[in-house]
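Q: this is the structure alone, sequence omitted:
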């Protein structure tokens, strides 16, 4: 009881698991209600005059629950009010507890995050890295273009080390460079955008949440957008002055390699057209009703979020990806190399080299395309940018973003109608939760990928032995294949000539038909017919048609070039060449149809729609995909028939000398569109089909051997990555442990309690990782810095460290989030929640004012749609 004389009585309703109770408090500025309620184990709905307080244990339970299901405060409050009513308790107010409970829950989560951030700041003060390895500044998660303080640092920043210990942990990443291939990279990241995470226009402004975020600031994104616009305008002006643009517009340059690129301009144009057509509908519908059109993510190869960017424009504008990349390099040493996987990585590299984007970082970036979207690229592009063919990427596939989008799909309905800052806040919470789940399974991830790598390596070695061709020969054939299939296409190439020849043949055939018809009509005119007026009209129209076709034929023949007439005569006199041209045209059409089908299937795989109109669109897309499949099959059958006819002509000796029959398209693998499928190879259909084909194209053993050689080398790269990442994990643990021990020396009682809790969890993580990595090479001789006895003595609940061997099914990276979760996984999570409750009870028994220490990674998102802040609607529409 305070003696200030300014006390007043405040009645507060306190709710907990077993019911609710009314408490009368004497409050004043000396002893505010919030402090008294926290002493009692409750969290208030308001800081000064709360009328409702919620048990800390109940709030913790809701927090854990909402991280594992779509957050819905309204449904929870209605259910809990019904639960209380069943025990004889009734809420007095008309509106119930929804708003007040939501407000208490939101600020409880804010306080938990603030507590963890305070602990992290204290730990930062205790960091003592080796004197010759300075750390990058971790005070900000974003790169500042005005301050290049990171460029001279020798190791990744603390921010990146916390984001992913495997990629950026430890201080000896540079010492491993001598053991790596020159093409290896130090870390692999992927970028992708999700357009289902939208926010509708017209939502009121909401207050900023005082917590850290993985999102780039709008100022950073806007600065990059302005930089992109400025560089493009400057370069365009220089080109106009030099006359380069005029030459390009008139086609004087032809198909060439742009500076620094390994594929030609025609290939890049084909890739761009493919993805532009697939993205056309989404761009038209993105900004009409939505203020925020999506989220772009930058993840490491372990599916851990590094940065996110909120998107406000239609489509995947390049400045979002460039801002993410620049922010990443702002936390890296000046000689740190990064492998970047992006759906349109070829287009991004072209833009960077053409316009000068990321000029200081570009030499340290190795671009590649994600495996899932490789089908949309031209074959020459896949030869250079596919991660299974590009050196340095191991077995990374670039699909970590897809797993992340799947894990947060439950947030889509509520975030569509949320405030701007609340949307970022909720996604940040989910990211922290996923971080903890991923942290627990890093050891299992390494082991599963190591086993998977060994299986593929054994299969590749077996394939090399089976092909019977030595490795130097295979390497020479692979180099020859790249050189042949990526070389610039000269003007009037076989492709353009064949297209014009086909047009000429069709025009000439039509001309012959109308000339024959004109002869018949003129004969009728000579012999006389009853209806002479109608006959004269027909003759006039037919002569006009003949004249038009002659003019068209003359124009088409003039575009054939030097060898065009000879090619035309040769094809007209050869049934085999005519069949070959038709077969090649059909095969190209099949490839285009398969690409289109893949893009439509991607829409279905990413469909997290809930409204009736969007469900109808999904059903329409499914029906369209199924409706087009028979057409694709029919085209494949037509192509196979032409191939069989060509085989017959070869056997009869009616084909050019040295002709090779093209490969049939098997029905069972028609829709796979894999990078090594025969659908990409035009064996027997090109100009070289009349001569001796190179071994990389015609020899099945060489082709199989090349695939096995590339797979073997990717497996060897993956081994180097995994061994390095395992060592980084050990060093990261040792540094974290030493940092906490140093922080304990000067810590007060409250901070010491929090640090003890973190030491206990870190010791439990170490024991879990040691068990998961027990079968990993060199695990028996690894020095973690502490003995198992010391680690077990630090763990407060030892039985929680038991890990089922089958738990790796969910952590191996080969299944999407939410798939394949068995009962043992759920039991582990429930036991982890039970440990947090036990720690909270123990701390409250000491009558300490600070809250129970709970895990950073298990922070949960709040449903602010039903809370007091004026930025959120009071009622949820369509819920």
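A: That came through fine. Predicted model, so just to flag it, every value in this text is computed and none were measured.
Q: can you give me the pLDDT of residue 398?
A: Listed pLDDT for residue 398 reads 88.
Q: got the contact list for it?
A: Counting by CB atoms under 8 Å, 6 or more residues apart in numbering, residue 398 touches 190, 192, 341-342, 368-372, 387. C-beta coordinates here come from the backbone N, C-alpha and C atoms, glycine included.
Q: again, but for residue 415
A: By CB under 8 Å, 6+ apart, the residues touching residue 415 are 197, 199, 423, 426-427.
Q: so which strand or helix has the closest residue in space to residue 163 that isn't next to it in sequence?
A: Excluding its sequence neighbours, the residue lying closest to residue 163 (CB to CB, 6 or more residues apart in numbering) is residue 306, at 5.1 Å. Using DSSP states H and E, residue 306 maps to strand 305-311.
Q: mean confidence score for that strand?
A: Average pLDDT, strand 305-311: 96.
Q: helices - which of the contacts of residue 398 land there?
A: Taking DSSP state H, every one of the contacts of residue 398 sits outside helices.
Q: what's the farthest-apart pair in those?
A: 192 and 387 (14.2 Å; CB to CB).
Q: how close does the residue nearest to residue 397 when sequence neighbours are not counted get to residue 734?
A: Spatial nearest neighbour of residue 397, excluding adjacent residues (CB to CB, 6+ apart): residue 371 at 4.1 Å. Note on residue 371: its distance to residue 734, by CB to CB, to the nearest Å, is 35 Å.
Q: repeat that for residue 101.
A: 43 Å.
Q: again with residue 344
A: 40 Å.
Q: report the contact partners of the closest residue to residue 311 other than its chain neighbours.
A: What sits nearest to residue 311 in space, not counting adjacent residues and going by CB to CB, 6+ apart, is residue 294, at 4.4 Å. Counting by CB under 8 Å, 6+ apart, residue 294 makes contact with 193-198, 286, 311.
Q: again, only using 7 Å
A: Residues counted as contacts of residue 294 (CB atoms under 7 Å, 6 or more residues apart in numbering) are 193-195, 197-198, 311.
Q: for the chain, what spans make up the strands?
A: Counting by DSSP state E, one finds strands in the chain at the ranges 8-16, 19-27, 42-44, 52-55, 187-194, 199-200, 290-292, 294-300, 305-311, 338-342, 365-368.
Q: residue 101 and residue 734: which is more packed in?
A: residue 101 (25 against 17; other CB atoms under 10 Å).
Q: hang on, isn't that one packed against residue 54?
A: Yes. Residue 101 is within contact range of residue 54, at 6.1 Å (criterion: CB atoms under 7 Å).
Q: between the contacts of residue 415, which sits nearest residue 76?
A: When the contacts of residue 415 are compared for distance to residue 76 (CB to CB), residue 426 wins out at 15.2 Å.
Q: distance check, that closest one against residue 221.
A: Relative to residue 221, residue 426 is positioned 20 Å away (CB to CB).
Q: and what of residue 429?
A: Taking CB to CB, one finds residue 429 at 22 Å from residue 221.
Q: check residue 315 too.
A: 15 Å.
Q: between the two, which one's more packed in?
A: Taking neighbours as other CB under 10 Å, residue 315 and residue 221 compare with residue 221 leading, 23 against 20.
Q: so who does that one touch?
A: Residue 221 neighbours (CB under 7 Å, 6+ apart): 309, 319-320, 323.
Q: quick one: it from residue 203, how far?
A: 20 Å.
Q: quick revisit: out of the contacts of residue 294, who's nearest residue 716?
A: Nearest to residue 716 among these, with distances taken as CB to CB, is residue 193, at 32.5 Å.
Q: beta partners of the closest one?
A: Assessed by DSSP bridges, residue 193 has beta-bridge partners residue 296.
Q: ok, what's across the strand from residue 340?
A: Taking DSSP bridges, one finds residue 189, residue 367 as the beta-bridge partners of residue 340.
Q: surely it touches residue 187?
A: No. Look at residue 340 against residue 187 with CB under 7 Å: they stay out of range, at 9.8 Å.
Q: columns distance to residue 271 on top of the contacts of residue 398, output as JSON lines?
A: Output for the contacts of residue 398, formatted as JSON lines (distance: CB to CB, whole Å):
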{"residue": "190", "distance to residue 271": "18"}
{"residue": "192", "distance to residue 271": "16"}
{"residue": "341", "distance to residue 271": "15"}
{"residue": "342", "distance to residue 271": "12"}
{"residue": "368", "distance to residue 271": "13"}
{"residue": "369", "distance to residue 271": "9"}
{"residue": "370", "distance to residue 271": "13"}
{"residue": "371", "distance to residue 271": "15"}
{"residue": "372", "distance to residue 271": "15"}
{"residue": "387", "distance to residue 271": "16"}
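Q: out of those residues, show me where the pLDDT dips lowest.
A: On pLDDT alone, residue 372 ranks lowest of the contacts of residue 398, at 79.
Q: grab the nearest non-local neighbour of that residue.
A: The shortest distance from residue 372 to any non-neighbouring residue, by CB to CB, 6+ apart, is to residue 399 (5.3 Å).
Q: isn't residue 743 up against residue 124?
A: No. Using CB under 7 Å, residue 743 is not in contact with residue 124, being 9.4 Å away.
Q: of the two, who's got more company?
A: Higher neighbour count among residue 743 and residue 124: residue 743, with 22 against 14, using other CB under 10 Å.
Q: could you list every residue that touches the nearest residue to that one once chain neighbours are set aside?
A: Spatial nearest neighbour of residue 743, chain neighbours left out: residue 126 (4.1 Å); criterion: CB to CB, 6+ apart. Taking CB under 7 Å, 6+ apart as the criterion, residue 126 is in contact with 739, 742-743.
Q: mind doing that once more with 8 Å?
A: Going by CB under 8 Å, 6+ apart, the list of residues near residue 126 reads 739-740, 742-743.
Q: quick one: the helices in the stretch 401-550 of the chain?
A: With DSSP state H, counting those that start in this stretch as the criterion, the stretch 401-550 of the chain has helices at 412-415, 420-440, 442-467, 471-485, 494-527, 532-558.
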